[in-house]
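*Asks:* can't give you the sequence, but here's the structure:
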């Protein structure tokens, strides 16, 4: 069986006809699927590309860091590839008290390790799960300066069917560290973050964008939300940040025209300006060039939920989002957050599709219908809704019924009688016939499952899972030719022949499906989110007819 992926066009963040610059300053045309106004999620590029670039924005790179950052590169093709991982250091924007005292917003991170002075970022929280690192303003001032020395690099060689892991702290030490991955072939790139509060795993970005959105975040006393802004390009950028909370829309002055230095990383501690909010949505718009935005969210466990979660922001609101997995019951909670960053009111349907693993017949509940005002958000808490069956797995489809696009995130909590884990992030904007996972997820003996949803209302999908470990292809018979009925889902357990720490996975289907990875350990959920689609067989989920 050939590992080579079909030639495809990469799904990239664009508005029709636009171009973005790559890390070397070259203009690279980007292509959106026909009929779609922009890009929606990371995707594996063409197997015959001459070069590919990925951006891993959020994590720490110092001893004892709370989100220790590791990048994982998987080569699903037939030919060996080579490349580099450059590590871009950075730190946090100075807190308001520092700025008022004569400081300014800190760009940080010009390719050299940033310094720490130990000043606390929030003195009344009784703890800071992400650390208290920040630096005074750079001498280049508010414009973010010009590109400094090139960041340190680690060369990589990724054999066909192989994978490579690079811990960023072994390349450069910095309070925050992002990675720019440049290779001479088609690869999938994911990253893992781990610290005392927990761990998470997910795809890196395959494109930069001038605009990003996050539907969810929390700044309550037990929580800390950090937005990480990564500018991998040789020219400085400046961004405007807008927050939406239950108390209205916030546009802090220091986050208007916030500089993100060339080849730099800046962390925005949201709670310093938008404090004690159970739900914070955010939009980041760049005034001068594309950037990458990712969220680090921690909970310290004092209010019943603990853990570390990371999620890539989305570059554009869309009409339809699909979540392949969902479940509520004792110790398990689920919320769907719908954020409308546009200037028009959105009418949204949230459809739950139950799928009992024992095959029992369950009637799908009536859709939830919500109106989301311009610039605001709405929440559907499944645990508070009698119509969502407890103890039964389900998929969720979020669809705008009046054509106004939205951003949707799912927030899962796990735990029974103890502080539990949290996993949060956006759904899938595309269905595809091939999906890739560069890693199963880390930790001590992680339990990994794949959830495959067939969102179309037409025919069953036939799905097969192939693993790669030690550079060898493994095709378990029990994961071959699995039927997923239309509008239904199947849960596939990764184990047996595929129980390996260096596992990478390719999922193939005879028609477009949505694939999610679930990772748990010690009985608690650690990660949940879409895999990385291959764009050749990808279609927008908005073009698939939902099952009744």
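*Replies:* Sure thing, it's come through. In this text the structure is predicted, and so the values were computed from the model without any measurement.

*Asks:* in stretch 452-466, what's buried?
*Replies:* By neighbour count with 16 or more other C-beta atoms under 10 Å, stretch 452-466 contains the buried residues 452, 453, 454, 455, 456, 461, 463, 464, 465, 466. No exception for glycine: its C-beta is placed from N, CA and C like everyone else's.

*Asks:* what are the ranges of the strands in the stretch 301-450 of the chain?
*Replies:* Applying DSSP state E, counting those that start in this stretch to the stretch 301-450 of the chain gives strands spanning 306-312, 320-323, 332-339, 346-354, 368-372, 377-381, 394-400, 407-414, 421-426, 430-437, 447-453.

*Asks:* check contacts around the residue nearest to residue 453 when sequence neighbours are not counted.
*Replies:* For residue 453, ignoring the flanking residues on the chain, the nearest one in space by C-beta to C-beta, 6 or more residues apart in numbering is residue 324 at 3.8 Å. Taking C-beta atoms under 8 Å, 6 or more residues apart in numbering as the criterion, residue 324 is in contact with 395, 428, 451, 452, 453, 489, 514, 515, 516, 530.

*Asks:* hmm, back to that, so which of the strands of the stretch 301-450 of the chain gets nearest residue 62?
*Replies:* Residue 62 lies closest to strand 306-312 among the strands of the stretch 301-450 of the chain, at 15.7 Å (C-beta to C-beta).

*Asks:* quick one, the closest one and strand 407-414 angle?
*Replies:* Angle, strand 306-312 to strand 407-414, by axes from the mean of the first three to the mean of the last three C-alpha atoms, to 10 degrees: 160 degrees.

*Asks:* Just checking: what are the partner strands of strand 306-312?
*Replies:* Strand 306-312 pairs in its sheet with strand 292-300 (antiparallel), by DSSP bridges.

*Asks:* and the partner strand with strand 421-426, angle?
*Replies:* 160 degrees.

*Asks:* Now do the same for strand 292-300: mean pLDDT, whole number.
*Replies:* Mean per-residue pLDDT for strand 292-300: 95.

*Asks:* centre of the chain versus it, how much separation?
*Replies:* Here strand 292-300 is found 10 Å from its chain centre; the criterion is C-alpha atoms, centre = their mean, to the nearest Å.

*Asks:* next one: stretch 40-58
*Replies:* In terms of C-alpha atoms, centre = their mean, the centre of stretch 40-58 is found 14 Å from the chain centre.

*Asks:* partners of whichever helix or strand residue 519 is part of, with directions?
*Replies:* Using DSSP states H and E, the element containing residue 519 is strand 504-521. If you go by DSSP bridges, strand 504-521 pairs up with strand 430-437 (antiparallel), strand 447-453 (antiparallel), strand 461-469 (antiparallel), strand 524-530 (antiparallel).

*Asks:* neighbouring contacts of the longest one?
*Replies:* Looking back up the chat, that one is strand 461-469. Outside strand 461-469, the residues within contact range by C-beta under 8 Å, 6+ apart are 1, 3, 74, 76, 161-163, 450, 452, 454, 473-476, 479-484, 486, 490, 492, 494, 497-498, 500, 502-513.

*Asks:* Tell me how far it lies from the chain's centre.
*Replies:* The answer for strand 461-469 is 23 Å, by C-alpha atoms, centre = their mean.

*Asks:* What's the end-to-end length of stretch 396-405?
*Replies:* Stretch 396-405 has an end-to-end distance of 17 Å (C-alpha to C-alpha, to the nearest Å).

*Asks:* Only the buried residues of that stretch, if you could.
*Replies:* 396, 397, 398, 399, 400, 404, 405.

*Asks:* what's the most distant pair in those residues?
*Replies:* Taking C-beta to C-beta, the two most distant members of these are 396 and 404; they sit 19.1 Å apart.

*Asks:* The protein: helices as residue ranges?
*Replies:* 96-100 (DSSP state H).

*Asks:* Where does pLDDT dip in it?
*Replies:* For the chain, the stretches with pLDDT under 70 are 1-39, 46, 97-148, 358-359, 416-419, 443-445, 522-525, 545-548.

*Asks:* Can you give the domain ranges for it?
*Replies:* 19-312, 320-543 (automatic domain parsing).
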